[in-house]
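**Student:** A predicted structure for the sequence below; I have some questions about it.
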Protein chains: 2
Amino acid sequence: MVTISDVAKVAGVSISTVSYALSGKRTIAASTRERIEAAIRELDYEPHAGARMLAGATTNILALSAPIHTDGHLPTHMRFVTAVVDTARKHDYDVLLLATDDDVSGIRRVAASSLVDGVVAMGVKAHDERVDVVRRAGLPAAFIGIPGDGDGLACVDLDFERAGRLAVTTLAEAGHRAIGIVGHPPTYLERGTGFVQRFNAGLEAEAAVRGIRLDVVSPTLARGAAEQAFDELLVASPEMTAVIFHCNEPVVESVLRRIRERGVDVPGDLSLFAACASYDTSHLVIPLSCIPLPLDQMCRIAVESALRQVRGGDALGVELITPVTQNRGSVAPPRI
Amino acid sequence: MVTISDVAKVAGVSISTVSYALSGKRTIAASTRERIEAAIRELDYEPHAGARMLAGATTNILALSAPIHTDGHLPTHMRFVTAVVDTARKHDYDVLLLATDDDVSGIRRVAASSLVDGVVAMGVKAHDERVDVVRRAGLPAAFIGIPGDGDGLACVDLDFERAGRLAVTTLAEAGHRAIGIVGHPPTYLERGTGFVQRFNAGLEAEAAVRGIRLDVVSPTLARGAAEQAFDELLVASPEMTAVIFHCNEPVVESVLRRIRERGVDVPGDLSLFAACASYDTSHLVIPLSCIPLPLDQMCRIAVESALRQVRGGDALGVELITPVTQNRGSVAPPRI
DNA sequence: CCGCGTTGTCGAAGCGCTTCGACAATGTCC
DNA sequence: GGACATTGTCGAAGCGCTTCGACAACGCGG
């Protein structure tokens, strides 16, 4: 293998000069640097990852803690993963994927063995063990989602509370007074995913202020559950004129098909709104106005926050992304 | 951080003794080993990954080259990834995820920097650049899929040719003489995914032997394309009594819904068969008899093959998994 | 009881890199 | 023109580990 001393020999300088030329930590004469760079290109030199780690430098590896839940939505999960990998690569970082059940032990292991410079954690829960682990290990970390006890930790998320309020506001301002909600499976809440709670809190707060009736269903992932839940909504609240989706794409699709089957006109009979959509709502059977989940942005911020800490910067605390709406024509004033 | 010399001190032995106790490469007296293990537990020692790599040992990291295609099916992709991660962890390996566009440069980089012990490559194409890279780098590698020029390389895949024949055989033995095929999008073939070619070859060979009529459609991923393709099949081959699916789950679901809409009885009017299904066919609107894609098995074999090479073993060449059928009642003799 | 092979342990070298301190070779200022 | 900073380069130490060769200590057969 090509080592730094090969490069030094070819460039006619010492090893340390090559190292400094590479890291930029000391000034190197332009002419010297050029010779070194030429030698590197000529030899196709790549620093030995282990040697770098050992000498106390960075590993240029980020761990991605991405626990998979049986009730989770795999495509969304995958989008998060690839977004993290893409961003990391832009900063010359590789990603070590921690995706087995026991996410805590994985973090502990890579931290103890100095394998990674930092960790990005997704699928964050209200009470997340990983918070303790990274805190104890003093490991640079960024959470995609807001853990309950994450004081001083870098967290990024859509402002779900505000998204809840924005969803209600959007429909309320169109004139709707009774809104149905199709939410995530009940297991999400049981598992302690904070974003569902925050979104619901936002919904309820805004609905209370505006005196709007809210009816919530939380279909499981079983076949037919989504359609059935929608039917229940119709029965429970005959005056309902709008529905907010805060659920995964397959559930939305099922309900949209049911809506078509029943001959309900959108937005004439019923306005629809997809909140925090991790998917493209413009390609659905019925395109939906929505608040997009800014997945790429979240991942980018998380990775960059972790890397800032790696470079010695402070964790910037909680960063909440302001939700925005996108109009796809599925919301209109209710028929009088 | 806790180092091996801390452990040695506590256990009252030398550094090398600890190292040998850990690696098992020399015999160590049972009593000594116990003292060392106690010290390791007491200090919560974890070897420094970089030091290990540098000293010429293994890195205990496997790269997973998992290029993402725009026409690919994300859930299937994710299942492969997690299956690889799970298997790797069982062998005390971590997985570095190479998922950006340029998969070749990623492999080259991790190989040149000795970051990984080996690589597992999925999404293998008939002409796959990665073959050259790993061969040139002398890197232990396993391919999930069969590259065209992969002589001497470790490859694992379902025997798609045989699966094609088995699918036709299954329907032919039930008495069907005209079979429709709903295939993967045409972009799969254009991209050079070998498994589609091999499956089709198997289909055609068996159909030719048995004198069976085959009509193939390859719907794109556009909305409505699947339904439309099925309708075309119906028009093109009125005598068709069975359909083989060799496509992703969403396409199957769309067609199944169309079948319901048209009031076609399964298996009375039409027999259905899912070939190489990466999803659970028993939870579909109409449960389908199928040849499952043995995804976990493929990933397990690939990881273990790569690790065998890491330990100095030979690449075992191409391993084709024999397809098996599962009966879910969607195949019956055609009405006379 | 001597020589021999085994077994268990140790010391030291070295993996490729970063970084510290040293030090020529300059330039700068009174 | 001499004192002093600045700039560019170098040698060497050391990061934590594996592994080689050495070598006591021991049991064994002749």
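**Tutor:** Everything's here; your move. Numbering: from 1, shown residues only, chains lettered A, B, ... in the order given.
**Student:** low-scoring stretches of the stretch 51-200 of chain A, by residue?
**Tutor:** Counting by pLDDT under 70, the stretch 51-200 of chain A contains low-confidence ranges at A:101.
**Student:** kindly list the longest strand within chain A.
**Tutor:** Scanning chain A for the longest strand, with DSSP state E as the assignment, gives strand A:271-277.
**Student:** which secondary structure elements does the next helix or strand after that one contact?
**Tutor:** Per DSSP states H and E, the first helix or strand lying C-terminal to strand A:271-277 is strand A:289-292. In this structure, strand A:289-292 packs against helix A:160-173, strand A:271-277, with contacts taken as 3 or more Cβ pairs under 8 Å, 6 or more residues apart in numbering or on different chains; DSSP states H and E. In short, each C-beta sits where N, CA and C put it, glycine included.
**Student:** 10 Å instead, please
**Tutor:** Counting contacts by 3 or more Cβ pairs under 10 Å, 6 or more residues apart in numbering or on different chains; DSSP states H and E, the secondary-structure elements packed against strand A:289-292 are helix A:160-173, strand A:242-245, strand A:271-277.
**Student:** following the chain onward from the longest one, which element is next?
**Tutor:** Moving toward the C-terminus from helix A:160-173, the first helix or strand encountered (DSSP H and E) is strand A:178-182.
**Student:** pull out the buried residues from that following strand.
**Tutor:** Neighbour-count burial for strand A:178-182, with 16 or more other Cβ atoms under 10 Å in any protein chain shown as criterion, is recorded at A:178, A:179, A:180, A:181, A:182.
**Student:** report the angle between the axes of it and helix A:160-173?
**Tutor:** 140 degrees (axes from the mean of the first three to the mean of the last three Cα atoms, to 10 degrees).
**Student:** can the helix or strand just after strand A:178-182 be found next to chain B?
**Tutor:** If you walk from strand A:178-182 toward the C-terminus, the next helix or strand you reach (DSSP H and E) is helix A:186-191. No. Using Cβ under 10 Å from any Cβ of the partner chain, no contact is recorded between helix A:186-191 and chain B, whose separation bottoms out at 17.1 Å.
**Student:** buried set for helix A:186-191?
**Tutor:** Residues of helix A:186-191 classed as buried: A:188, A:189 (neighbour count, 16+ other Cβ under 10 Å).
**Student:** that one packs against which elements?
**Tutor:** The elements that helix A:186-191 packs onto, with contact taken as 3+ Cβ pairs under 10 Å, 6+ apart, are helix A:194-210.
**Student:** compute the inter-axis angle for the helix it packs on and strand A:178-182.
**Tutor:** Calculated by the same axes, to 10 degrees, helix A:194-210 forms an angle of 180 degrees with strand A:178-182.
**Student:** what angle do helix A:194-210 and strand A:271-277 make?
**Tutor:** Note on geometry: by the same axes, to 10 degrees, helix A:194-210 and strand A:271-277 are set 140 degrees apart in direction.
**Student:** need the next SSE after helix A:194-210, C-terminal direction.
**Tutor:** Taking DSSP H and E as the definition, the helix or strand right after helix A:194-210 is strand A:213-217.
**Student:** so residue A:130 touches residue A:148, yeah?
**Tutor:** No. With the criterion set as Cβ atoms under 10 Å, residue A:130 and residue A:148 do not qualify as a contacting pair; they are 12.0 Å apart.
**Student:** just the buried residues of the one helix or strand residue A:84 maps to, please?
**Tutor:** Using DSSP H and E, the element containing residue A:84 is helix A:74-90. Buried residues in helix A:74-90, counted by 16+ other Cβ under 10 Å: A:74-89.
**Student:** near DNA strand D, which residues of chain A?
**Tutor:** Within reach of DNA strand D by Cβ under 7 Å from any atom of the strand, chain A has these residues: A:12-17, A:20, A:26-29, A:31-33, A:54-56.
**Student:** now which of those would you call buried?
**Tutor:** For those, a burial check counting by 16+ other Cβ under 10 Å picks out A:13, A:17, A:20, A:28, A:32, A:33, A:54.
**Student:** check the residues you listed one by one and keep those near DNA strand C.
**Tutor:** When Cβ under 7 Å from any atom of the strand is applied, the members of those adjacent to DNA strand C are A:20, A:54.
**Student:** now for the buried ones among the residues of chain A next to DNA strand D, which pair is the farthest apart?
**Tutor:** Maximum pairwise distance in those, criterion Cβ to Cβ, is 26.3 Å, between A:32 and A:54.
**Student:** on that earlier part again, closest to residue A:157 out of the buried ones among the residues of chain A next to DNA strand D?
**Tutor:** Looking across those and measuring by Cβ to Cβ, the closest to residue A:157 is residue A:54, at 36.4 Å.
**Student:** just give the closest residue to the closest one, not the sequence neighbours.
**Tutor:** residue B:50 (4.0 Å; Cβ to Cβ, 6 or more residues apart in numbering or on different chains).
**Student:** my read: the one you found touches residue A:47, true?
**Tutor:** No. Proximity of residue B:50 to residue A:47 does not meet the contact threshold set by Cβ under 10 Å, at 11.7 Å.
**Student:** list residues touching both of residue A:130 and residue A:148?
**Tutor:** Shared contacts of residue A:130 and residue A:148, defined by Cβ atoms under 10 Å, 6 or more residues apart in numbering or on different chains, comprise residue A:124.
**Student:** ok, those two, which is more surrounded?
**Tutor:** Between residue A:130 and residue A:148, residue A:130 has the larger neighbour count (other Cβ atoms under 10 Å in any protein chain shown), namely 26 against 13.
**Student:** pull out the buried positions in the stretch of helix or strand that one belongs to.
**Tutor:** Taking DSSP H and E as the criterion, residue A:130 maps to helix A:129-137. Judged by neighbour count using 16+ other Cβ under 10 Å, the buried positions of helix A:129-137 are A:130, A:131, A:133, A:134.
**Student:** quick one: neighbours of residue A:264, just the number.
**Tutor:** Counted with other Cβ under 10 Å, the neighbours of residue A:264 add up to 17.
**Student:** is it true that it lies in a helix?
**Tutor:** No. Residue assignment for residue A:264, taken from DSSP: H, G, I helix; E, B strand; the rest coil, gives coil, which places it outside any helix.
**Student:** you'd agree it is up against residue A:257?
**Tutor:** No. Residue A:264 is beyond contact range of residue A:257, at 11.2 Å (criterion: Cβ under 10 Å).
**Student:** between these two, what contacts are shared?
**Tutor:** By Cβ under 10 Å, 6+ apart, the residues touching both residue A:264 and residue A:257 are A:230, A:286.
**Student:** export the buried residues of strand A:178-182 as TSV, with columns for distance to chain B.
**Tutor:** What follows is these, written out as TSV (distance: Cβ to the nearest Cβ, whole Å):
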residue	distance to chain B
A:178	31
A:179	27
A:180	24
A:181	25
A:182	20
